[in-house]
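Asker: show me the folded form of this:
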Amino acid sequence: MSIAPIQWDHWRSFIAVAEHGSLSAAARALGLTQPTISRHVDLLEASLGATLFLRAPQGMTLSDLGQQMLPEARAMAASAAALERAASAPLEAARGVVRLGASEVVGAEVLPALLAPLLADHPGLEVELALSNHNDDLLRREADLALRMVRPTQSGLVARKLADVQIGLHAHSSYLNRHGTPETLDDLADHVLIGPDSDAAALEGFAQAGIPRRRICLRCDREAAQLNAIRTGVGIGVMQAGIARRDPDLRPVLAGKVAFTLECWLVLHADLRQTARVRLLADHLAEHLPQALAG
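Answerer: Model prediction:
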């Protein structure tokens, strides 16, 4: 298939429509008008000579070709973003943009306080937090460095283990005062449990602890909502021990019976080791994150 030159803006609009499901939502996400997004998609399809989206009153879904194109378009977007970050400052300057990948919990609960003094001391430094429980592909430069809860296996990456993160069941003292503290796994049947809804990995962890999905009374795949439910006394749920230690009203539950450990690794692309702004952030995390994770 012969393809005429296509502007990057057209691919960016394609990605936005694919991710948001409609022209109007994509326009809002990109800060453009709906007719502009529509024109970009039409020009892209005309250039390819094929349909990328199936139109319906409920929105737009990817065609088979669109599904095939999306991963490569995302890779191109990651490369464009990495190019912009690289151009934000010279390699030897401790300023410019650094993109840091992390889990939702670490990004929301741990990193803000950790990054505050670094950003205060380096006014020219900018940090983009890419929060997701799915690991960024550092080889494709979706992030410059990342905090991962599993040991990386890809070649071309530099990894350093920072900490062992302890995880277990916790509850607010107000909940335990009302309902009592369970002493055995069987006692959990009489309590409100907070946990995942459809996250297969998280549900498997609960199942291995002897807690099937049907026993979870409040289900949600967003961990921030789970943590807030624990803090407000809704019931018993999973939390990092270091995060729980910051709140004197949070108590461990069945600490000797339901607990597991995740490794925290600092990972970066080998080519970025000599980039001053990346090294600055990496050194700061390596120095301070272990204590922050321990609470």
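Asker: and this structure, what are its domains?
Answerer: Listed domain ranges for the chain are 8-85, 87-164+263-294, 166-262 (source: automatic domain parsing).
Asker: how close does residue 68 sit to residue 16?
Answerer: Look at residue 68 and residue 16: by C-beta to C-beta, to the nearest Å, they are 18 Å apart. From N, CA and C alone the C-beta is placed, and that goes for glycine too.
Asker: same check, this time on residue 84
Answerer: Residue 84 is 17 Å from residue 16, by C-beta to C-beta.
Asker: more crowded one of the two?
Answerer: residue 16 (23 against 11; other C-beta atoms under 10 Å).
Asker: can you show me the strands along the stretch 151-295 of the chain?
Answerer: For the stretch 151-295 of the chain, applying DSSP state E, counting those that start in this stretch gives strands covering 157-172, 193-195, 218-219, 236-240, 250-253, 259-269.
Asker: repeat for the stretch 1-150 of the chain
Answerer: Going by DSSP E, counting those that start in this stretch, the stretch 1-150 of the chain shows strands at 53-56, 59-62, 96-102, 125-131, 145-148.
Asker: about what we covered before: adding mean pLDDT, write the domains of the chain out as a markdown table.
Answerer: Listed next are those as a markdown table, based on pLDDT from 0 to 100:
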| stretch | mean pLDDT |
| --- | --- |
| domain 8-85 | 88 |
| domain 87-164+263-294 | 86 |
| domain 166-262 | 93 |
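Asker: which positions within stretch 204-221 qualify as buried?
Answerer: For stretch 204-221, burial by neighbour count (16 or more other C-beta atoms under 10 Å) applies to 205, 206, 209, 211, 216, 218, 219, 220.
Asker: actually, stretch 72-87.
Answerer: In stretch 72-87, the ones that count as buried by 16+ other C-beta under 10 Å are 73, 74, 77, 78, 81, 82, 85, 86.
Asker: from residue 12, how far off is the last one?
Answerer: Going back to what we said before, that points to residue 86. Distance, residue 86 to residue 12, using C-beta to C-beta: 19 Å.
Asker: against residue 104, how distant is residue 85?
Answerer: 22 Å.
Asker: at the geometric centre of the protein, which residue sits there?
Answerer: In the chain, the C-alpha nearest the mean C-alpha coordinate belongs to residue 132, at 1.2 Å (C-alpha atoms, centre = their mean).
Asker: mind picking the two most distant members of the buried residues of stretch 204-221?
Answerer: 209 and 220 (18.1 Å; C-beta to C-beta).
Asker: need the longest helix for the protein.
Answerer: helix 64-86 (DSSP state H).
Asker: now do that helix: which elements does it pack against?
Answerer: Judged by 3 or more C-beta pairs under 8 Å, 6 or more residues apart in numbering; DSSP states H and E, helix 64-86 is in contact with helix 8-20, strand 96-102.
Asker: residues touching the closest residue to residue 210 other than its chain neighbours, list them.
Answerer: Spatial nearest neighbour of residue 210, chain neighbours left out: residue 185 (5.0 Å); criterion: C-beta to C-beta, 6 or more residues apart in numbering. Contact partners of residue 185, counting by C-beta atoms under 8 Å, 6 or more residues apart in numbering, are 209, 210, 211, 254, 257, 258.
Asker: from residue 202, how far off is the first one?
Answerer: I take that to be residue 209. Counting by C-beta to C-beta, the gap from residue 209 to residue 202 is 11 Å.
Asker: ok, the second one next?
Answerer: As judged by C-beta to C-beta, residue 210 and residue 202 stand 15 Å apart.
Asker: double-check residue 48 against residue 65; I have them as touching.
Answerer: Yes. Judged on C-beta atoms under 8 Å, residue 48 makes contact with residue 65 at a distance of 7.5 Å.
Asker: next, work out how far apart the closest residue to residue 215 other than its chain neighbours and residue 210 are.
Answerer: Using C-beta to C-beta, 6+ apart and skipping the chain neighbours, the partner closest in space to residue 215 is residue 193 (5.7 Å). Look at residue 193 and residue 210: by C-beta to C-beta, they are 11 Å apart.
Asker: try residue 184
Answerer: To residue 210, residue 184 is 10 Å away according to C-beta to C-beta.
Asker: circling back: how about TSV for the contacts of residue 185, with distance to residue 20 added?
Answerer: TSV is the format used below for those (distance: C-beta to C-beta, whole Å):
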residue	distance to residue 20
209	37
210	40
211	35
254	42
257	44
258	39
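Asker: which residues in the stretch 151-295 of the chain form helices?
Answerer: Secondary structure of the stretch 151-295 of the chain (DSSP state H, counting those that start in this stretch): helices located at 173-179, 200-208, 223-231, 241-244, 276-294.
Asker: so which of these is nearest residue 163?
Answerer: helix 276-294 (4.4 Å).
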